[in-house]
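# Got a predicted structure here, sequence first:
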Amino acid sequence: MTELAELLQQEYGGREYGLISAGYAVERPASFRVNTGKTTVPEVLRLLGEKGIAAEAVGWYGAAFVTREEEAIRALPLYRDGMVYFQSLSSMLPPLYLAPAAGESILDMTAAPGGKTTELYALSGGKALITACERDKIRFGRLKFNLERQGATRVTALNCDASRLDEFLSFDKILLDAPCTGSGTVTPHTSVRFSRDYLNRCMRLQEALLGKALRLLKRGGTMVYSTCSVLREENGELLGRILPKAGAEIVPIAPFGGIPTLVGPEGTVTVCPSELYEGFFVAKIIKK
């Protein structure tokens, strides 16, 4: 048994560990989001239908679809024109829970490659004031490319480490999709780099980013903390240590219908790896 498997079994016990293992063993179909900032869902479905390409709707988000024909879609002008964006279903959740609105100042702390940033932009009708940070230069280039392709023209992109942002800044809402071990993303053909040392390094980075986020967030403001990990140390246990000291608390959220979940901290959502979903964690937080 690998080190990751041993830790998951310790944290979840036999039944839920079995569900996680089963989720790791399946190859997920591709999923995409219609970019409603550029087009409409009926228009994309019409264009796909003309090419005989099948896409299955996702009930909890009208812009989300699952397909077995990813390469065929990527070959179409609608993909090159930024009318659709390939993104895992689980990673579409944080912007939905953050619920951006016109006129709000929003920070996306670790934004590359831009899926969540452009989703925030589309959800706000292009009227939120979004700042997107990415410290890695190569990934920042990818972020800029996707912002341009998706038509997210009002996003301010910064090639910087969000944990070092000047604290004279303040935001109404913050999305922190934190760097993590990726323990929710295992498939039959991909694995994750995992060791106790790597987990500890991820947690130190998560703690630094979360602490900064809570200092940049306005009083009464909301943030969403998410990871593509199902390890409790990176999720609920981290929040339990940091939030009380920062005068912040969890705002209860519930999973959207049909999404498989694991037992997690009350008011948060831990998505179980499955045939459609990566393992994922989402918590909504308010600063008092």
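Looks like it came in fine. Numbering: from 1, shown residues only.
# At which residues are the strands of the chain located?
30-34, 56-58, 61-67, 84-86, 105-108, 129-133, 156-158, 171-177, 217-227, 248-251, 261-262, 269-271, 280-287 (DSSP state E).
# Run me through the strand neighbours of the third one, direction for each.
Translated: strand 61-67. Strand 61-67 has the following strand partners under DSSP bridges: strand 30-34 (antiparallel), strand 56-58 (antiparallel).
# hang on, the earlier thing: want to throw the strands of the chain into a markdown table with mean pLDDT, mean neighbour count and distance to Ala122?
For glycine as for every other residue, the C-beta is placed from the backbone atoms N, C-alpha and C. Listed next are the strands of the chain as a markdown table, based on pLDDT from 0 to 100; neighbours: other Cβ atoms under 10 Å; distance: least, Cβ to Cβ, whole Å:
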| stretch | mean pLDDT | mean neighbour count | distance to Ala122 |
| --- | --- | --- | --- |
| strand 30-34 | 98 | 22 | 8 |
| strand 56-58 | 97 | 15 | 15 |
| strand 61-67 | 98 | 18 | 8 |
| strand 84-86 | 98 | 20 | 9 |
| strand 105-108 | 98 | 25 | 13 |
| strand 129-133 | 98 | 23 | 11 |
| strand 156-158 | 98 | 16 | 16 |
| strand 171-177 | 98 | 24 | 14 |
| strand 217-227 | 98 | 21 | 16 |
| strand 248-251 | 98 | 17 | 23 |
| strand 261-262 | 98 | 19 | 26 |
| strand 269-271 | 98 | 26 | 21 |
| strand 280-287 | 98 | 24 | 19 |
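# And for the nearest residue to Glu11 once chain neighbours are set aside, the neighbour number?
Leaving aside its chain neighbours, Glu11 sits nearest to Arg232 (5.3 Å; criterion: Cβ to Cβ, 6 or more residues apart in numbering). The tally of other residues near Arg232 (other Cβ atoms under 10 Å) stands at 21.
# right, so of the strands of the chain, which gets closest to Glu237?
strand 280-287 (11.1 Å; Cβ to Cβ).
# would you put the C-alpha positions of that closest one in CSV?
C-alpha atoms of strand 280-287 as CSV (Å, rounded to 0.1, in the frame of the first residue of the first chain):
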residue,chain,number,x,y,z
PHE,A,280,-12.2,18.1,-4.3
PHE,A,281,-12.8,20.3,-1.2
VAL,A,282,-14.7,23.5,-1.0
ALA,A,283,-15.4,25.8,2.0
LYS,A,284,-17.1,29.2,2.0
ILE,A,285,-15.8,31.6,4.7
ILE,A,286,-16.9,35.0,6.0
LYS,A,287,-14.7,37.5,7.8
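# Give the partner strands of that strand in its sheet and their orientations.
By DSSP bridges, strand 280-287 pairs with strand 217-227 (antiparallel), strand 248-251 (antiparallel), strand 269-271 (antiparallel).
# The chain - how does it break down into domains?
Under the assignment automatic domain parsing, the domains of the chain span 3-28+89-287, 29-87.
# Quickly compare those and say which is most buried.
Counting by mean count of other Cβ atoms under 10 Å, domain 3-28+89-287 has the highest mean neighbour count of the domains of the chain, with a mean of 19.
# what's the offset of it from the middle of its chain?
5 Å (Cα atoms, centre = their mean, to the nearest Å).
# State the distance from the residue nearest to Glu11 to Ala178.
Using Cβ to Cβ, to the nearest Å, Arg232 is found at 14 Å from Ala178.
# wait, doesn't Leu78 sit right on Ala72?
No: counting by Cβ atoms under 8 Å, Ala72 is not a contact partner of Leu78; they are 11.2 Å apart.
# just to revisit the earlier point, I'd like the strands of the chain laid out as a markdown table, including distance to Ala5.
Converted to a markdown table, the strands of the chain look like this (distance: least, Cβ to Cβ, whole Å):
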| stretch | distance to Ala5 |
| --- | --- |
| strand 30-34 | 26 |
| strand 56-58 | 30 |
| strand 61-67 | 28 |
| strand 84-86 | 29 |
| strand 105-108 | 33 |
| strand 129-133 | 34 |
| strand 156-158 | 38 |
| strand 171-177 | 25 |
| strand 217-227 | 19 |
| strand 248-251 | 29 |
| strand 261-262 | 15 |
| strand 269-271 | 17 |
| strand 280-287 | 19 |
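# between the ones you listed, which gets nearest to Leu238?
Proximity to Leu238 (Cβ to Cβ) singles out strand 217-227 among those, at 8.4 Å.
# List the neighbours of the closest one that are in contact with it.
By Cβ atoms under 8 Å, 6 or more residues apart in numbering, the list of residues contacting strand 217-227 from outside reads 93-95, 97-98, 170-178, 180, 184, 206, 210, 213-214, 234-235, 239, 248, 251, 280-288.
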